[in-house]
Every structure is written in structure tokens, then in C-alpha cells.
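Colleague: prediction below, plus the sequence it came from.
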Amino acid sequence: MKNGLYWENGELIYYKEGAPIHAGAVQVDGDIYYISSKGRAVKGEHVVHGSMSNGILQRGTYTFGEDYKLIEGSYIPPREHSHSSGSSRKSQPEKMKRNLSKKRNLSKKLKNLRKDKKAKIALCAVLAFCVLTVGTVLWEQQKDVLHSADGDVPASGGVSGGIVLPSFNEDVLLCTEAAKELYEHTTSVKDAVAAGNPYQPFQFEYHLENGAGLLLLSEREDLSGGREYEMPAEDPYITIDNLKTGTDYYYRVTVNGEEYTGNFHTAESTRFVEIPGAKNTRDIGGYVTQDGKTVKQGLLIRGTELDGLVEVDYFLPEEDVAEVQDTFGFVYDFDLRETALYPENYISRLGEDVGHAFYQSTEYGGIFNGACRDSLRRIFADLADTDKYPMYLHCTYGADRTGTIVFLLQGVLNMSKEDMIREYQMTGFMASGYSDSDNMDVIIAGMEPYRGDTLQEKIVTFLTEEIGVTDGEIAAIRKIFLAD
């Protein structure tokens, strides 16, 4: 069984009990190394956080040489970091940025034109003509989808208050086209990752001449349990985060006492989600299994840590906790990190009422190490507990330990091997991520000796016969996640 540092394919890898691990600072034969994700020793400048210093180094920045050893005297003290100082505002889509730029340019032109009375008159005439033309075209395009509460189409010329609502002639896409193609297996992970951040919020666009409106949005046709959004006249859209994919949504707009209803359908794709301070976040639901069942959304969101204990930038600001909980309703913080690194009486960043446990999970080939049996046994026993959903499942980066457990879970749910691998590879969308599947190949090869005709059957055999997960727990997990 491997323990310590080993040279492999030109890299220095650190093993503990036969598995490469993210160990942080380690001292071997009097020299200090820093071991990052997948057990790889680092070279060059690297930030060492308090929880990964292991009492060997101080928190701060160090430089490691070409031989991976710490360069003496390279210590740089850390800059003070305030979790509350970071802005939680989400960046605008490129379309919105372009619109803002156009508005600024128009504003500059208007200031210059104020000096010229004739130009001002001409501009007013042009603007009036444009408004009339655009308004007419928009109304003709939209009026067939504007319905009042009693089903009547409003009279031409506008609804009371002069409102134009969106026309949803196609499914609403909640990710980039590249990410959608990846979900459909029509592009490679490498090409999809190259296209950038896959997440795309829903934009409810409208035109409101005066007053204000109110949008009620729900997954239910009777609009029960819906969320309300204000519609000020000065804004042309509402940005709504974290809608479900492949789902029917219904809405009602109320303006000056008049009500108008409509609906739209979101396109089927991976459900990437937005949680302030977190990265690599997505729902494991939305896939169709090999036996035609659908994995339910909203039960298990995977991602990075939220408390900044290892990576200070991965921190859910206090002011955003209530909104996150209102959106996802997490009741359990499924924490795959090591117990020993963290303080006693730990309280989840999601709130003191949210259940939490450390599972000290392993990753990749480490699952075949007998020393990890109890941890895996406990993980899958708790995944079978209906009282722990909806849950936020994470390690530090939402990559290695999280990727391993999700891969096994997807095998239990009978997802296709291709989907299982791609779900793992999508961590490549994160800035520090990757898009290879070498680590999954280790798990797949390790499953080969176990009974079963498919990878999915072998995973179930491994969990039940090797780890001790019961048939009842396997059945419970499937009942929780799968819908016909």
C-alpha cells in the first residue's frame, strides 16, 4: 500500500493508505511540500490557508521550487480578507451590458444635441417615428399571447398602463448553447468548457409605459406557491435565477388592477445554479435514466464549500443566506470534508437550523480501500434518508470527493455511463477545473471484478456486498430521486 511521495508521469504524487489525497502542507525527510487536489505536489507560488497548513506552515503565500520543495524565506503574509466586503451582485449577461453601453452612448449624444435646437427637433421626430413603428410591430407580435384573467385578448393599443409582455414561441434556455449541446451529447466537454460559464439566468422582458406591475411565477397552473417579483416601469426586464430545466412555468402579471396570464417551458439541459460565494454548483437532477425514469430536480445540489474554511473565496455572505434558503429550501448540509480540520460545535453556513455532518469521504481509487468502508457505508445510509432532502452536498471544491460520490449515486440511479462521466467532467467549467475522465477510469476499472453485466449493476454490487449498503437503502435512494 502506497504511503508518501511517488514520482508518476513526471509529477510528484502524495499517497496515504494507497490513495492520492489533497493533504495540504506535509513534511517528508525534512523538506516541506504542498499537496493539492488529486495528491499533486505544487510548484511555484501558492496560497496556503490555515486549515491546510497542518501546523507546519503559517497561513500565507509561499513559493515551491522545480523540485516541489518549499523555498526557504519565500513567505508572504496574507492580506486581510473580509467575507462581508465582497459584492454579491451577479454579473449582467453580455446582452444587458451591450444595452447599457448603447444607453450611455445615446445619453452622450443627447447632451451634445441640447446645444443645437434644430437637431433636437429632428431627433424628437425620429424618436417619435421609431417608438410608433417599434410599438406597432411589438404589439402585433405579442398580442396573441397576452391574456386577461377571463381569457380575453386585450384591445389593440395596449393593456391598461401600456404594457407589452414577452412571447415564448420557443423553450427558454437556462444555459449557454454550448452547455445545451453538451447535455445532448452533440459537442465535447472541451469545446463546451471553452465557451465559458454555462449558467444563464431567465430574463422576463417587458415594456411598461407607466406605473408598476407585479409578476407572480409558479410551476403550478393554479399559480399556488408562486413567487412575486416587482416590475418597475423604468426597467425592461426582471432577472430570475435558478429556475428548473425542462419545466412548465405559469405566470400572472398585474398592472393597474388588470391581470394577464401566460406560460412558458424551459429547455431540457443540465441545471446549473447560482449560489453567491460558491462555484461549480449544479443540480444532479434533470437526466433521464437508461430505464426511462427522470431524476428529480431540487433534491441534491452539488458544489464547493460555503464557509471559506479552506478557500476563503468560497463563502456564502450572510445577507444571501435567506434568499438561498428561500430558493432551495436546504434542510441538510452533506459535508464530505474531514472532521479533524474543523472546529467543534460547527454550524452550517446555511443556517443553524440546517442539519450538518462531516463524512470524511475518500475519492477515486480510495473507495476500494477497506479503511474507507465505514465512511462510504454512512454516506449511502444517509442518502437513503428522506429527512435529509433537499440537501447541499459538497467537499471543498465540489470536484474530487463530491465527483466520486455523485458518480456512485448516479450508478445506483441507472444513469447512462456517458452521462455519469460527463457530469463529472463538467467541473471543467470551474476556473480551476478540468475536463478529463482519467479519475473515473480508475473507478470503472476497480468495479470490473464485481458481479453485474453493466457498470451500474457492478456499482450496486460493490455498495451492497463490499460496503454493506442494504438493498432497502438502495431502493429508498431510487424512490427519493426517480420519477416515471
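Modeller: On my side now, so go ahead.
Colleague: now do the same for the residue nearest to the spatial centre of the chain: its pLDDT.
Modeller: For the chain, the residue nearest the mean C-alpha position is T281 (2.2 Å; CA atoms, centre = their mean). Model confidence at T281, given as pLDDT, is 97.
Colleague: likewise E140?
Modeller: Reported pLDDT for E140: 46.
Colleague: same question, K118
Modeller: 48.
Colleague: ok, K90 next?
Modeller: For K90, the model assigns a pLDDT of 37.
Colleague: which stretches of the protein have low pLDDT?
Modeller: Applying pLDDT under 70 to the chain flags residues 49-51, 78-161, 341, 431-435.
Colleague: at 80 instead, please
Modeller: Scanning the chain for pLDDT under 80 picks out the ranges 1, 22, 37-38, 47-53, 59, 78-162, 210, 340-344, 431-436.
Colleague: related to what we said a few turns ago, can you tell me the closest non-neighbouring residue to the residue nearest to the centre of the chain?
Modeller: G303 (3.6 Å; CB to CB, 6 or more residues apart in numbering). Every C-beta, even on glycine, is put in place using the N, C-alpha and C of the backbone.
Colleague: is that neighbour in a bridge, and if so with what?
Modeller: With DSSP bridges as the criterion, G303 is bridged to H394.
Colleague: count residues in the vicinity of it, would you?
Modeller: By other CB atoms under 10 Å, the residues close to G303 number 22.
Colleague: that one and A399 touch, don't they?
Modeller: No. Judged on CB atoms under 8 Å, G303 makes no contact with A399 at a distance of 10.0 Å.
Colleague: what do these two both touch?
Modeller: N280 (CB atoms under 8 Å, 6 or more residues apart in numbering).
Colleague: which residues sit in contact with the closest residue in space to Y287 that isn't next to it in sequence?
Modeller: Of all residues not flanking Y287 in the chain, V295 sits nearest, at 4.8 Å (CB to CB, 6+ apart). Counting by CB under 8 Å, 6+ apart, V295 makes contact with 284-289, 413, 415, 481-482.
Colleague: now the buried members of these.
Modeller: Among the contacts of V295, those scoring as buried are 284-287, 289, 413, 415, 481-482 (criterion: 16 or more other CB atoms under 10 Å).
Colleague: circling back to that earlier point, now, the contacts of V295 that are in helices?
Modeller: Using DSSP state H, the members of the contacts of V295 that fall in helices are F481.
Colleague: and A192, that's in a helix?
Modeller: Yes. With DSSP: H, G, I helix; E, B strand; the rest coil as the criterion, A192 is assigned to a helix.
Colleague: how many other residues sit next to it?
Modeller: Using other CB under 10 Å, A192 has 27 other residues around it.
Colleague: over to E177?
Modeller: E177 has 14 neighbours, counted by other CB under 10 Å.
Colleague: same question for G60.
Modeller: Residues near G60, counting by other CB under 10 Å: 16.
Colleague: please renumber the chain so that the first residue is 505 from this point on.
Modeller: All right, first residue 505 from here; so that's G564.
Colleague: test my guess that it contacts L574.
Modeller: No. Counting by CB under 8 Å, G564 stays clear of L574, with 12.0 Å between them.
Colleague: overlap of the contact sets of those two?
Modeller: With contacts defined as CB under 8 Å, 6+ apart, no residue is adjacent to both G564 and L574.
Colleague: who are the packing partners of whichever helix or strand I978 is part of?
Modeller: Per DSSP states H and E, I978 falls inside helix 975-985. Under the contact criterion of 3 or more CB pairs under 8 Å, 6 or more residues apart in numbering; DSSP states H and E, helix 975-985 touches helix 877-887, helix 904-916.
Colleague: and V532, which of these is closest to it?
Modeller: Shortest distance between V532 and those, using CB to CB, is found for helix 904-916: 21.7 Å.
Colleague: what angle sits between that closest one and helix 877-887?
Modeller: Counting by axes from the mean of the first three to the mean of the last three CA atoms, to 10 degrees, helix 904-916 lies at 60 degrees to helix 877-887.
Colleague: follow-up on the earlier one: what's the most buried one of the helices and strands packed on helix 975-985?
Modeller: Across those, averaging neighbours per residue (mean count of other CB atoms under 10 Å) puts helix 904-916 on top, at a mean of 24.
Colleague: just name whatever secondary elements that one is in contact with.
Modeller: Packed next to helix 904-916, using 3+ CB pairs under 8 Å, 6+ apart, are strand 804-807, helix 877-887, strand 895-898, helix 921-929, helix 942-951, helix 959-965, helix 975-985.
Colleague: quick one: closest of those to Y519.
Modeller: Closest to Y519 of the helices and strands packed on helix 904-916 is helix 942-951 (CB to CB; 13.2 Å).
Colleague: one step back: of all the buried ones among the contacts of V799, which comes closest to I978?
Modeller: Closest to I978, out of all of these and judged by CB to CB, is L917, at 10.0 Å.
Colleague: nearest to Y754, out of the helices and strands packed on helix 904-916?
Modeller: Y754 sits nearest to strand 804-807 of all the helices and strands packed on helix 904-916, at 23.9 Å, using CB to CB.
Colleague: what does the next helix or strand after that closest one rub up against?
Modeller: Per DSSP H and E, the first helix or strand lying C-terminal to strand 804-807 is helix 822-832. Outside helix 822-832, the residues that touch it by CB under 8 Å, 6+ apart are 588, 592, 745-746, 777, 779-781, 802, 805, 820, 834, 853-855, 858, 894, 896.
Colleague: what are the buried residues along stretch 956-970?
Modeller: 959-960, 962-964, 966-968, 970.
Colleague: let me redo that: stretch 790-810
Modeller: In terms of neighbour count (16+ other CB under 10 Å), stretch 790-810 has its buried residues at 790-791, 793, 797-810.
Colleague: ends of it, how far apart?
Modeller: One end of stretch 790-810 to the other measures 24 Å (CA to CA, to the nearest Å).
Colleague: including distance to V546, could the helices and strands packed on helix 904-916 go into JSON lines?
Modeller: Putting the helices and strands packed on helix 904-916 into JSON lines (distance: least, CB to CB, whole Å) gives the following:
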{"stretch": "strand 804-807", "distance to V546": "23"}
{"stretch": "helix 877-887", "distance to V546": "26"}
{"stretch": "strand 895-898", "distance to V546": "23"}
{"stretch": "helix 921-929", "distance to V546": "23"}
{"stretch": "helix 942-951", "distance to V546": "18"}
{"stretch": "helix 959-965", "distance to V546": "33"}
{"stretch": "helix 975-985", "distance to V546": "37"}
